[in-house]
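>>> Below are the sequence and a predicted model for it; my questions follow.
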There are 2 protein chains.
Amino acid sequence: MRSESPPGAGAAPARVTIADVARVAGVSKATVSRFFNHREALLTPDIAARVEAAIAALDYRPSPMAQALKRGTSRLIGMVVADVTNPYSVAVLRGAEKACKDAGYLVMLFNLGNEPEREREAIATLSSYQVDGFILNTFDHGGKGRAEVERLGKPAVLVDRRHGRMSADFVSLDNAGAVEMAVAHLADAGYRDLLYVTEPVKNVSSRLDRQAAFDACLQRDASLRGAVFESTDDGAGALEQAIEMLRGRSGSKAAILSGNAVVTLRCAIAVMRLGLRFGPDIGFIGFDELDWAPLVGPGLTTIAQPTDALGRLAARCLIERLQGSPSPPRQILLSGELIVRGSSRRN
Amino acid sequence: MRSESPPGAGAAPARVTIADVARVAGVSKATVSRFFNHREALLTPDIAARVEAAIAALDYRPSPMAQALKRGTSRLIGMVVADVTNPYSVAVLRGAEKACKDAGYLVMLFNLGNEPEREREAIATLSSYQVDGFILNTFDHGGKGRAEVERLGKPAVLVDRRHGRMSADFVSLDNAGAVEMAVAHLADAGYRDLLYVTEPVKNVSSRLDRQAAFDACLQRDASLRGAVFESTDDGAGALEQAIEMLRGRSGSKAAILSGNAVVTLRCAIAVMRLGLRFGPDIGFIGFDELDWAPLVGPGLTTIAQPTDALGRLAARCLIERLQGSPSPPRQILLSGELIVRGSSRRN
DNA sequence: TTGTACGCGTTATCAG
DNA sequence: CTGATAACGCGTACAA
């Protein structure tokens, strides 16, 4: 025989408000408000104690929505990801979440589900919840996202993918450095003919950067040959052909550099289907560390990204801005780590 | 030389409110509000047109926060996941998101990051944003989650993991059916000695259900032997030992049934380390389909869960409740699909 | 130090 | 059919 809750299932238990606390404590709403916002000073110990007791008794929590409405600020950070299915994004999200939590912010996530045209909607929606700033891991779809953010005048930080000339902080892997490291490692191992396999480059800056770095490496080292292949979801056959051509040209001196995790999967399947052995028959390095990398053949050599750090940094960066540090846009690049396994050893 | 936006970086562009629209349209706020909520009737064409024009001109959007404050309902659905890192949870999330979007709801996600004790906090936080209901994919940490939800009187639906005696809708894989299917398949293929490997069962209902079903299968079929092994993060050695013991007893008639994706990874590594071949040397079926399943040895046989459907159903279920359907708690079980690959063929 | 009154953006109610 | 007004829960000048 419970007292507070009416019998029916969804009986609304009448949110406890600041007025309730005030009544129970025998003070005014303003006093209760002060207890939260200026707690240190301004309160007679006696009154403070009464308020505190009432709060505890009623299990009162201020409504963030009402606060946001009044303050115009919400301690909410909007994060929009191109695709939650992507482990990279999720890892970054976790890092960001941690940093935000530590600073008393909450992350509100919007997933584009790989539909670039929803970016504007995402930003608008998050903004309607008064988020204080944005962490963006998206394509810049026709500059609409950037325009929307700038219109709102809220700070944003870009992760992994730069947007045209958007003046915002940018946090990412040092793609050029990572590519150089990978190419050098393959060259050292004796691989001479390289195929860089990437998803369609479109406007994704990280893909552009990686490909540009790859081209630059080739131009710098005349002993290397190379080509680029754009892999699509349904292009399994084409990928196998490309690998066969590569092998035809260069035999066991051929190696693949994969631009991200989904491409790595496609390459692994293609190589398996062709009956080739990673390492001796064909070298391989792939962007993004994978939990199953040790399982394929002699193990897949990967470039691990510091995803957690990237997320944390993005969040910290944004939060600094929120607290009003007016420094010019920063660009923070973190180094990748080469995790060497059998696929980059020729013997 | 832009006109609207002041020079400074974070200049607040003063949210456009319903009052602005009213002023521009030359009507009262109430009229504008009516335009949104009762659009069909009640508006003189002339006035309606003026309001519409003003809305378009100012790009006005109602503030969901103010609406939630006033209405007590937010068209927000709170989803709490034990661990976003888990691809299963993410897949379910996506399904739920789609269904919610179709119904005009937005999903607000809270990630526990594998800290069960944060469940209460998660629910309280989401509730403070006036979410209309919950989708829970969590452990029931000391019944606190259940208690909190019931106190709030908001509907909830449980996904994959049942909470004690919480009276809520439950959406999940038909675990018993899936286990039976897997065991039957292994038995048909000639495997006789089965090792069920699971993460520590704790209070996770899906793990309990799977293990119980496994035990039941063994009791039903006297020609089968079986054992259960609890695998932990740092117990790689122990797992290898268990597999060796199994092999010692039964040779090539030994098979593993893995309870989820993370265990599958551990098993694959252990088997590789032991130099065994999946299929001929040791049978294998694992819960959860993995994109890399085709890559390991002759391919790993898996039980694919209809994650998208699970998410969608959970959301639809919840939304039905929100629209006030007072049916008793439902329990919806979906069948898994056995994806047969080489690891469950003895030759 | 504490209380009163008003505004944040929206909607419901009640007159007109 | 339209407009004024109160109220949602909270923060804060301002007055006491």
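It's in.
>>> Every contact and neighbour count from this point should use C-alpha atoms.
Noted.
>>> Run a quick neighbour tally on A:Gln323.
8 (other CA atoms under 10 Å in any protein chain shown).
>>> quick one, what contacts A:Leu290?
A:Leu290 makes contact with A:261, A:302 under the criterion CA atoms under 8 Å, 6 or more residues apart in numbering or on different chains.
>>> I'd like the mean pLDDT over stretch A:88-97, please.
Stretch A:88-97 shows a mean pLDDT of 97 in the predicted model.
>>> Which residues does that stretch contact?
If you take CA under 8 Å, 6+ apart as the criterion, stretch A:88-97 is touched by A:81, A:83-84, A:106-107, A:137, A:288, A:307-315, B:84-85.
>>> Closest residue of the stretch 101-250 of chain A to DNA strand C?
Of all residues in the stretch 101-250 of chain A, A:Ser128 sits closest to DNA strand C, at 8.9 Å by CA to the nearest atom of the strand.
>>> quick one: the closest residue to that residue other than its chain neighbours and A:Gly145, what's the gap?
Once flanking residues are discounted, A:Ser128 sits nearest to B:Ser63: 5.8 Å by CA to CA, 6 or more residues apart in numbering or on different chains. B:Ser63 sits 20 Å away from A:Gly145, going by CA to CA, to the nearest Å.
>>> So for the two, which sits in the more crowded spot?
A:Gly145 (25 against 19).
>>> How about the contacts made by the more buried one?
Residues near A:Gly145 by CA under 8 Å, 6+ apart: A:119-120, A:123.
>>> Make sure the residue nearest to A:Ser128 is actually in contact with A:Tyr129.
Yes: shown here, B:Ser63 and A:Tyr129 form a contact pair, counting by CA atoms under 8 Å, at 7.4 Å.
>>> rewinding a little: how many other residues sit next to the residue of the stretch 101-250 of chain A closest to DNA strand C?
Counted by other CA under 10 Å, the residues lying close to A:Ser128 total 16.
>>> try A:Ile282
By the criterion of other CA under 10 Å, A:Ile282 has 26 neighbours.
>>> What residues are recorded as beta-bridge partners of it?
A:Phe278 (DSSP bridges).
>>> Tell me the pLDDT of it.
97.
>>> Tell me how far it lies from DNA strand D.
62 Å (CA to the nearest atom of the strand, to the nearest Å).
>>> For that residue, give me its contacts.
Contacts were defined as CA under 8 Å, 6+ apart; by that measure A:Ile282 touches A:247, A:252-256, A:276, A:343, A:346.
>>> and what of A:Leu136?
By CA under 8 Å, 6+ apart, A:Leu136 lies in contact with A:79-81, A:156-159.
>>> Quick one: buried ones out of these?
Neighbour counting by 16 or more other CA atoms under 10 Å in any protein chain shown classes A:79-81, A:156-159 among the contacts of A:Leu136 as buried.
>>> May I have stretch A:195-207 exported as PDB, CA atoms only?
These are the backbone C-alpha positions of stretch A:195-207, laid out as PDB (Å, rounded to 0.1, in the frame of the first residue of the first chain):
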ATOM      1  CA  LEU A 195      48.400   0.000 -54.200                       C
ATOM      2  CA  TYR A 196      46.500   2.600 -52.100                       C
ATOM      3  CA  VAL A 197      42.900   1.400 -51.700                       C
ATOM      4  CA  THR A 198      40.400   3.900 -50.500                       C
ATOM      5  CA  GLU A 199      36.700   4.500 -50.300                       C
ATOM      6  CA  PRO A 200      35.400   7.000 -52.800                       C
ATOM      7  CA  VAL A 201      37.300  10.200 -51.900                       C
ATOM      8  CA  LYS A 202      34.300  12.600 -52.400                       C
ATOM      9  CA  ASN A 203      34.900  15.500 -50.200                       C
ATOM     10  CA  VAL A 204      36.200  13.700 -47.100                       C
ATOM     11  CA  SER A 205      39.300  15.600 -46.100                       C
ATOM     12  CA  SER A 206      41.000  12.700 -44.300                       C
ATOM     13  CA  ARG A 207      40.700  10.600 -47.500                       C
END
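>>> Quick one: distance of that stretch to the chain centre.
Remark: stretch A:195-207 is offset 17 Å from the chain centroid, using CA atoms, centre = their mean, to the nearest Å.
>>> List the buried residues for stretch A:310-325?
In stretch A:310-325, counting by 16+ other CA under 10 Å, buried: A:310-319, A:321-322.
>>> rewinding a little: report the two of the contacts of A:Leu136 separated the most.
A:Val81 and A:Ala156 (13.3 Å; CA to CA).
>>> Surely A:Leu338 and A:Thr302 touch.
Yes: look at A:Leu338 against A:Thr302 with CA under 8 Å: they come within range, at 5.9 Å.
>>> What residues does A:Asp308 make contact with?
A:Asp308 touches A:91-92, A:94-96, counting by CA under 8 Å, 6+ apart.
>>> Can you add secondary structure and distance to B:Val21 and give those back as a markdown table?
Converted to a markdown table, the contacts of A:Asp308 look like this (DSSP: H, G, I helix; E, B strand; the rest coil; distance: CA to CA, whole Å):
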| residue | secondary structure | distance to B:Val21 |
| --- | --- | --- |
| A:Ala91 | helix | 42 |
| A:Val92 | helix | 40 |
| A:Arg94 | helix | 40 |
| A:Gly95 | helix | 41 |
| A:Ala96 | helix | 37 |
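>>> which of the residues you listed lies closest to A:Arg220?
A:Val92 (33.1 Å).
>>> Now do the closest one against B:Gly133, distance only.
As judged by CA to CA, A:Val92 and B:Gly133 stand 28 Å apart.
>>> Could you tell me which residues of chain A lie near chain B?
Taking CA under 8 Å from any CA of the partner chain, the part of chain A that reaches chain B is made up of A:5, A:9-13, A:61, A:63-66, A:69, A:84-85, A:87, A:90-91, A:108-109, A:128-129, A:151-155, A:265, A:268-269, A:272, A:291-292, A:294-296.
>>> Mark which of those residues are buried, thanks.
Among the residues of chain A next to chain B, those scoring as buried are A:5, A:10, A:63-66, A:69, A:84-85, A:87, A:90-91, A:108-109, A:128-129, A:152-155, A:265, A:268-269, A:272, A:292, A:294-296 (criterion: 16+ other CA under 10 Å).
>>> Chain A: strands as residue ranges?
Remark: strands assigned in chain A by DSSP state E are A:76-81, A:106-111, A:133-137, A:156-159, A:169-173, A:193-198, A:225-230, A:254-258, A:283-287, A:301-304, A:331-334, A:337-339.
>>> Turn those into CSV, including distance to B:Asp46.
Formatted as CSV, these follow (distance: least, CA to CA, whole Å):
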stretch, distance to B:Asp46
strand A:76-81, 39
strand A:106-111, 38
strand A:133-137, 39
strand A:156-159, 41
strand A:169-173, 47
strand A:193-198, 56
strand A:225-230, 55
strand A:254-258, 61
strand A:283-287, 60
strand A:301-304, 62
strand A:331-334, 53
strand A:337-339, 65
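>>> Of A:Leu338 and A:Thr302, give the one with the bigger neighbour count.
Shown here are A:Leu338 and A:Thr302; by other CA under 10 Å, A:Thr302 has more neighbours (29 against 20).
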